[in-house]
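In: no FASTA, just this:
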């Protein structure tokens, strides 16, 4: 859950900043997608104490379904990441 048009951009913004080793400010500068971060227009959301209603059985079943699907995906050649070093 939580995959909303408002939460996904926040997640990717934060994860990209972490991956790049860059600090990220909480307040959002105005941009073409500013409205997606409303109503508070900040990167981080308040912590929620929402109860996780996913049972272990449900999570295990979902994981197995995903693994079965991935078994059918044909592997493709990879490319080495160039770090510039």
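Out: Ah, there it is. Only a predicted model underlies this, so the values are computations on that prediction, with no experimental measurement involved. Numbering: from 1, shown residues only.
In: Now for the closest residue to residue 38 other than its chain neighbours: which residues touch it?
Out: On the basis of CB to CB, 6 or more residues apart in numbering, the spatially nearest residue to residue 38 that is not a chain neighbour turns out to be residue 6, at 7.5 Å. Placement of C-beta: from N, CA and C, glycine included. Under the criterion of CB atoms under 8 Å, 6 or more residues apart in numbering, the contact partners of residue 6 comprise 36-38.
In: Quick check: phi and psi at the most centrally placed residue in the chain.
Out: Residue closest to the mean C-alpha point of the chain, counted by CA atoms, centre = their mean, is residue 11 at 4.4 Å. Backbone torsions for residue 11, taken as degrees, to the nearest 10, come to phi -60, psi -50.
In: Please report how far it lies from residue 4.
Out: Separation of residue 11 from residue 4 (CB to CB, to the nearest Å): 10 Å.
In: Equivalent analysis for residue 41, please.
Out: In this view, residue 41 and residue 4 are 16 Å apart by CB to CB.
In: repeat for residue 31
Out: Taking CB to CB as the measure, residue 31 and residue 4 are separated by 19 Å.
In: cool, and residue 21?
Out: When distance is defined by CB to CB, residue 21 is 27 Å away from residue 4.
In: Settle it for me: which of the two has more neighbours?
Out: A count of neighbours by other CB atoms under 10 Å puts residue 4 above the other of residue 21 and residue 4, at 10 against 6.
In: Next, residue 66: secondary structure please.
Out: helix (DSSP: H, G, I helix; E, B strand; the rest coil).
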